[in-house]
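> here are the coordinates; sequence isn't available:
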């Protein structure tokens, strides 16, 4: 105690301990001791738990896609949180640790369960729908509640809700409806501008095409939807939307500022296209496409954003909010969570567990992009060589349209061949492939429900891992009117199919009553996948009946064949 007093006396020697300057320094030191360590733990835990998801989202920055700037959302949300976390003047300072636990624990447990159970259950659709980005705000909210208290969560609710804007699914739906029109506006504006600055000529017969007489010869550039400027507009609306949260002023003025900014971003995009044309005319195609095109969009976006921030006062708006200051925040957080170190240790342990399962999501990368775009080749493009087997269509069922949609196609293939040293079969493998844009129809007319409807006996059913994040269902069944027993392996997944996402359901069928020779490898999967599949089976209450040695051999073969199909589809992208 004496040493502590002496240390404080030495530190404040020559100063009045009651002076405002000394009190201010002590208050600032107290603020740092109470706030910054917790903030550091929060940021580290978030990065550890969702590091892969965040890295893939931010990897899209600067990409040639309308959703390129979604990677800004976590950074913008952090800025909003720092700007709104301080208590407002007159804010009630009421805390209840029981309420913190009632809110925080379910949020974190839900986040953990979603990351463990849903990937194997949803298969590739988990990444197609980016469910991880939906659960991410729940995890952050739970961490904030348990480290800082419920009142801090209420003050930063806008920042946490803003994280939902990183979810790409709603943008994809809106872009599907309006991207073509937006592109036509941009192309029309470029054509008008070329009457003033003749940098290129409109190409005949090519929609959005322009021919440029460059230094190295004429070449053609196409203003496609990816280059129409939708990415810059989406990025500006994200940044501007965040600015509106921390800006003082009337909503009518904010709306006017937002509209002017959107128009400026669009005009700057037209200018960007003209700059690329000018570069091509002066220095040739390589400089224009490889030198200017990847970067000039970032420059025009930054200029537009900077101009609109400068123009805030001209619209009667001002950044910032009235707050009680960092000292009030430190005092409030300390009263809310006075003992936080043991809580922080538990939260870091939970973050590590979540991070292990989040890292397992990298298996999906060859199948679906981080922005939810399918990468798999359609089934018909890969049938020529699947692990030493080759397939050919043998039948087509037009009546499938009645169940799976007017654009649906049901084609049956038969695979045969020498196979490989580890995957061989004397008998053929039948594959029924249904292609449609209505994924809900696969649930409405499920495989097992269809078998039972026709009176077949489904004796066992369980989930298996085919690699690349693809989960399939393996089942044994037979028709009571026939002595033949069958083993089936089925799954459905998104595939490349133009502007609209196309889905395919694949059913592999093998006669397990036959006696042909089979060679099949033992399937292996990652630990996180095994845990997720096991928990999913327990939650479903699935029970499998005993299988004969022959049926187990057939099951191993079908799983191996399914894995070869997944590998071929990934390789065909």
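Yep, that arrived. Given the structure is predicted, the values throughout are model-derived calculations rather than measurements. Residues are numbered from 1 along each chain as shown.
> so what's the residue count around residue 44?
Neighbour count of residue 44, defined by other C-beta atoms under 10 Å: 14. Where C-beta positions appear, they are placed from N, C-alpha and C, glycine not excepted.
> nearest residue to it other than its sequence neighbours?
residue 348 (7.3 Å; C-beta to C-beta, 6 or more residues apart in numbering).
> what is the rounded mean pLDDT of the host helix or strand of the one you found?
Per DSSP states H and E: residue 348 is located in helix 341-359. Helix 341-359 comes out with an average pLDDT of 95.
> contacts only, for residue 269.
Shown in contact with residue 269 (C-beta atoms under 8 Å, 6 or more residues apart in numbering): 186, 228, 229, 232, 233, 297, 300.
> all strands for the protein, in order.
Assigned by DSSP state E, the strands in the chain fall at 201-202, 209-214, 217-222, 247-248, 318-319, 390-396, 409-416, 424-425, 429-436, 457-465, 471-478, 485-495, 502-511, 518-519.
> make JSON lines out of those and add mean neighbour count.
As requested, the strands of the chain are exported to JSON lines (neighbours: other C-beta atoms under 10 Å):
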{"stretch": "strand 201-202", "mean neighbour count": "14"}
{"stretch": "strand 209-214", "mean neighbour count": "19"}
{"stretch": "strand 217-222", "mean neighbour count": "15"}
{"stretch": "strand 247-248", "mean neighbour count": "16"}
{"stretch": "strand 318-319", "mean neighbour count": "12"}
{"stretch": "strand 390-396", "mean neighbour count": "13"}
{"stretch": "strand 409-416", "mean neighbour count": "18"}
{"stretch": "strand 424-425", "mean neighbour count": "22"}
{"stretch": "strand 429-436", "mean neighbour count": "22"}
{"stretch": "strand 457-465", "mean neighbour count": "18"}
{"stretch": "strand 471-478", "mean neighbour count": "20"}
{"stretch": "strand 485-495", "mean neighbour count": "23"}
{"stretch": "strand 502-511", "mean neighbour count": "21"}
{"stretch": "strand 518-519", "mean neighbour count": "18"}
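> sketch out the low-pLDDT regions of the stretch 251-400 of the chain for me.
Residues of the stretch 251-400 of the chain meeting the criterion pLDDT under 70: 321-325.
> quick one: pLDDT of the nearest residue to residue 200 once chain neighbours are set aside?
Take residue 200 and drop its neighbours on the chain: the residue closest to it by C-beta to C-beta, 6+ apart is residue 210, 4.1 Å away. Confidence at residue 210, expressed as pLDDT, is 89.
> please apply the same query to residue 114.
On the pLDDT scale, residue 114 gets 95.
> quick one: pLDDT of the residue nearest to it when sequence neighbours are not counted?
Among residues not flanking residue 114 along the chain, residue 135 sits closest, at 4.6 Å (C-beta to C-beta, 6+ apart). Residue-level confidence at residue 135 comes out at 96, pLDDT.
> same deal with residue 39?
At residue 39, the model reports a pLDDT of 90.
> also residue 432?
Residue-level pLDDT assigned to residue 432 equals 95.
> residue contacts, it?
With C-beta under 8 Å, 6+ apart, residue 432 has these contacts: 410, 411, 412, 413, 506, 507, 509.
> what is the first one paired to in the beta sheet?
Listed by DSSP bridges, the beta-bridge partners for residue 410 are residue 434.
> my guess is it contacts residue 397. True?
Yes: with contact defined as C-beta atoms under 8 Å, residue 410 reaches residue 397; the gap is 4.2 Å.
> how about the helices of the stretch 251-400 of the chain, start to end?
In the stretch 251-400 of the chain, the segments counted as helices under DSSP state H, counting those that start in this stretch are 251-283, 285-286, 293-310, 326-336, 341-359.
> make TSV from those and add distance to residue 465 to it.
Shown next, in TSV, are the helices of the stretch 251-400 of the chain (distance: least, C-beta to C-beta, whole Å):
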stretch	distance to residue 465
helix 251-283	44
helix 285-286	45
helix 293-310	38
helix 326-336	44
helix 341-359	14
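> of all those helices, which one is nearest residue 130?
Of all those, helix 341-359 sits nearest to residue 130, with 12.2 Å by C-beta to C-beta.
> same for the closest one, what does it pack against?
On a contact count with 3 or more C-beta pairs under 8 Å, 6 or more residues apart in numbering; DSSP states H and E, helix 341-359 meets helix 20-58, helix 97-122, helix 131-148, helix 527-540.
> give me phi/psi at the nearest residue to residue 223 once chain neighbours are set aside?
Once flanking residues are discounted, residue 223 sits nearest to residue 208: 4.4 Å by C-beta to C-beta, 6+ apart. Torsion angles at residue 208 (phi, psi; degrees, to the nearest 10) stand at phi 80, psi 10.
> spit out the contact partners of residue 208.
Taking C-beta under 8 Å, 6+ apart, one finds 183, 187, 222, 223, 224 in contact with residue 208.
> if I look at the nearest residue in space to residue 286 that is not next to it in sequence, how far off is residue 294?
Excluding the flanking residues, the one nearest residue 286 by C-beta to C-beta, 6+ apart is residue 216, at 7.7 Å. Per C-beta to C-beta, to the nearest Å, residue 216 is found 19 Å from residue 294.
> domain ranges for this structure, per the record?
22-167+320-364, 171-228+250-287+305-315, 379-571 (automatic domain parsing).
> right, and those domains - which one's nearest residue 240?
Across the domains of the chain, residue 240 has its closest neighbour in domain 171-228+250-287+305-315 (5.4 Å, C-beta to C-beta).
> now do the residue positioned nearest the centre of the chain, the pLDDT please.
Centroid-nearest residue in the chain, with C-alpha atoms, centre = their mean: residue 130, separated by 3.6 Å. For residue 130, the model assigns a pLDDT of 93.
> is it true that residue 516 touches residue 428?
No: counting by C-beta under 8 Å, residue 516 does not reach residue 428; the two are 9.5 Å apart.
> give me the more crowded residue out of these two.
Taking neighbours as other C-beta under 10 Å, residue 516 and residue 428 compare with residue 428 leading, 18 against 11.
> that one and residue 477, how far apart?
For residue 428, the distance to residue 477 - C-beta to C-beta - is 18 Å.
> cool, and residue 551?
In terms of C-beta to C-beta, residue 551 sits 11 Å off from residue 477.
> so what's in contact with these two at the same time?
With C-beta under 8 Å, 6+ apart as the test, residue 551 and residue 477 both reach residue 485.
> got a list of what the nearest residue to residue 439 once chain neighbours are set aside touches?
The shortest distance from residue 439 to any non-neighbouring residue, by C-beta to C-beta, 6+ apart, is to residue 503 (4.5 Å). By C-beta under 8 Å, 6+ apart, the contact set of residue 503 is 435, 436, 437, 438, 439, 442, 492, 493, 494, 495.
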